[in-house]
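Participant: could you work out the structure for the sequence below:
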Amino acid sequence: MTNQPNPWPAATTVTVPPGQTLIRPTRWATDGTSGAEALRRVQAPAGWHWAQDTHGNIHVRSTTGRVWVGYLPQALPTVPHPNAPTDLDAFGVHPIRGIWMIDGYPYGDRAWSIWFNDTEHFRRGDHVPPELVAAAVSELAAPGHEEPDWLADPGNPDAVWAIARAADWTLHHADNDDTTAQAPDRTAQLYHFPGDVEVPDNRSTWLLRAGHLPYPGHPGLWEAGFSAAAPAAVIAAVMRVLTCPGVRSHPEGPRPTPEQGESR
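Facilitator: Numbering: from 1, shown residues only. Coordinates of the predicted model:
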């Protein structure tokens with residue numbers, strides 16, 4: 001199948017006057033984000049190979065082929081697209097876990113998976129913040145990060161917790177080594193279950209949830225999962241954007257003033 005017209009338009013650049021802060025409440029898109037808008041925000045890195053299958057799903061392969069990014073709002077076609085993983089399906093060894101999926105193949109076989117999805121509607125992305133997906137993709141596209149050794153190294157989770165602490169998130173360590181971090185306004189939580197072993201069913205050992213979280217364990221509006229071997233640097237990149245000052249994870253967050261402007 002030949003490539004379709006490029007669905008990844010150029011990003012919009014916003015100039016912020018000196019001394020002012022750009023607040024982007026639509027960054028977390030909890031009030032709805034169309035697929036086209038999501039694709040606009042998640043830019044395909046230079047040299048990565050994108051394609052659209054016959055059902056409208058987007059499949060992107062890195063220059064080395066070791067990273068796959070999927071935007072999967074539709075059912076998969078009967079005949080898999082060449083850019084898509086050959087074992088991707090709904091219920092098998094490589095299940096579809098979200099509308100956005102990212103897989104790492106450092107040495108040929110899939111070593112880890114990352115997924116983003118709405119919590120209440122499977123394979124819907126109305127509330128998924130596309131900038132967080134973009135942060136993960138940008139980290140994977142950084143120089144040297146497509147090398148097998150980098151992709152195969154989970155790294156140090158302390159890099160993730162350092163970002164949470166710097167943003168004044170509250171950390172709780174359980175007796176079984178599970179860790180939970182909660183945002184100061186209780187609109188986001190990050191869970192780490194290090195006791196879980198990497199298994200073929202992509203069980204997530206990192207789980208990020210956001211939205212209105214009235215009590216611990218509430219599913220919120222959207223979630224992101226990271227399997228055990230996913231590079232901690234990618235999780236840290238997502239957390240770094242999530243904890244940006246002036247950004248909220250639910251619709252009740254502050255709206256920008258005309259002087260501050262708004263990114264569209």
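
Participant: going by C-alpha atoms from here, please, whenever you check contacts or count neighbours.
Facilitator: Fine.

Participant: leaving out sequence neighbours, find the closest residue to A84.
Facilitator: H59 (5.9 Å; Cα to Cα, 6 or more residues apart in numbering).

Participant: so the one you found: helix, strand or coil?
Facilitator: With DSSP: H, G, I helix; E, B strand; the rest coil as the basis, H59 sits in strand.

Participant: then A164?
Facilitator: helix.

Participant: tally of neighbours for it?
Facilitator: 23 (other Cα atoms under 10 Å).

Participant: I'd say it and M239 touch.
Facilitator: Yes. Judged on Cα atoms under 8 Å, A164 makes contact with M239 at a distance of 7.3 Å.

Participant: low-confidence bits of the stretch 151-264 of the chain, can you list those?
Facilitator: Applying pLDDT under 70 to the stretch 151-264 of the chain flags residues 195-204, 212-219, 245-264.

Participant: for Y107, what are its contacts?
Facilitator: Neighbour list for Y107: 66, 148, 152 [criterion: Cα atoms under 8 Å, 6 or more residues apart in numbering].

Participant: could you dump those residues into JSON lines and include neighbour count?
Facilitator: Below are the contacts of Y107 laid out as JSON lines (neighbours: other Cα atoms under 10 Å):
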{"residue": "R66", "neighbour count": "19"}
{"residue": "P148", "neighbour count": "16"}
{"residue": "A152", "neighbour count": "19"}
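
Participant: which one of these sits closest to A84?
Facilitator: R66 (12.0 Å; Cα to Cα).

Participant: let me know the pLDDT of the closest one.
Facilitator: In this model, R66 is scored at 95, pLDDT.

Participant: now do it against E139, distance only.
Facilitator: 14 Å (Cα to Cα, to the nearest Å).

Participant: repeat for D53
Facilitator: 25 Å.

Participant: same question for R110.
Facilitator: Going from R110 to E139 by Cα to Cα gives 18 Å.

Participant: kindly report the same for D109.
Facilitator: 21 Å.

Participant: out of those two, which sits in the busier spot?
Facilitator: Higher neighbour count among D109 and E139: E139, with 18 against 9, using other Cα under 10 Å.

Participant: grab the nearest non-local neighbour of that one.
Facilitator: V234 (5.9 Å).

Participant: tell me which element that neighbour falls in.
Facilitator: helix 232-242 (DSSP states H and E).
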